[in-house]
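Undergrad: pasting the structure only:
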């Protein structure tokens with residue numbers, strides 16, 4: 001797992017330190033779409049993605065985590081993600097290999113499919129939930 005290093009200036013001396021998440025775990029490589037960004041089309045990638053802006057289209061990040069931030073507005077179909085965390089506004093269907101979590105500030109309008117689903121107190125959801133089987137890849141075989 002990659003580590004993000006921060007340069008800390010101390011007078012004439014410089015030092016490097018590892019950047020850790022609040023639980024003290026290493027942060028994985030991730031891409032962030034900032035709050036001022038608006039993207040239309042298809043997003044595909046192979047690393048974790050955080051959306052804080054506006055995205056319209058399709059999102060495919062096979063085997064990685066997608067986080068929809070509190071200020072995000074997403075109108076998209078989401079496929080192939082390992083897990084999806086929704087803290088903002090999401091309209092469209094979501095399919096994840098492992099888990100979909102809708103946080104207390106999140107809203108989802110669309111169908112969701114994943115073996116594990118978490119709806120936090122305060123979350124808003126309109127649609128159907130399918131927890132029946134593992135999400136399959138394009139060839140019909142279960143994803144692993």
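TA: Structure's in. What do you need? Small disclaimer: the values here were computed from a predicted structure and weren't measured.

Undergrad: I'd like the next helix or strand past the lengthiest strand in the chain.
TA: When the chain is parsed with DSSP state E, its longest strand is strand 73-86. Counting by DSSP states H and E, the next helix or strand C-terminal to strand 73-86 is strand 89-91.

Undergrad: Mind listing what's buried along that next one?
TA: 89, 90 (16 or more other Cβ atoms under 10 Å). For glycine as for every other residue, the C-beta is placed from the backbone atoms N, C-alpha and C.

Undergrad: so after that strand, what's the next helix or strand?
TA: strand 94-102.

Undergrad: ok now that next one, how far from the chain's centre?
TA: Relative to the centre of its chain, strand 94-102 is centred 9 Å away, using Cα atoms, centre = their mean, to the nearest Å.

Undergrad: What is the subsequent helix or strand relative to it?
TA: strand 107-109.

Undergrad: which strands and helices sit next to that following strand?
TA: strand 89-91, strand 124-126 (3 or more Cβ pairs under 8 Å, 6 or more residues apart in numbering; DSSP states H and E).

Undergrad: Now distance to residue 82 too, for these, in a markdown table please.
TA: A markdown table is the format used below for these (distance: least, Cβ to Cβ, whole Å):
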| stretch | distance to residue 82 |
| --- | --- |
| strand 89-91 | 17 |
| strand 124-126 | 21 |
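
Undergrad: Can you add mean pLDDT and give those back as TSV?
TA: Formatted as TSV, the helices and strands packed on strand 107-109 follow (pLDDT from 0 to 100):
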stretch	mean pLDDT
strand 89-91	98
strand 124-126	98
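
Undergrad: I figured residue 33 was touching residue 50, is that so?
TA: Yes: under the criterion of Cβ atoms under 8 Å, residue 33 makes contact with residue 50 at 7.1 Å.

Undergrad: closest one to residue 104 among the helices and strands packed on strand 107-109?
TA: The minimum distance between residue 104 and the helices and strands packed on strand 107-109 falls on strand 124-126, with 9.6 Å, by Cβ to Cβ.

Undergrad: list the helices and strands that closest one packs on?
TA: Looks like strand 124-126 contacts strand 107-109 (3+ Cβ pairs under 8 Å, 6+ apart).
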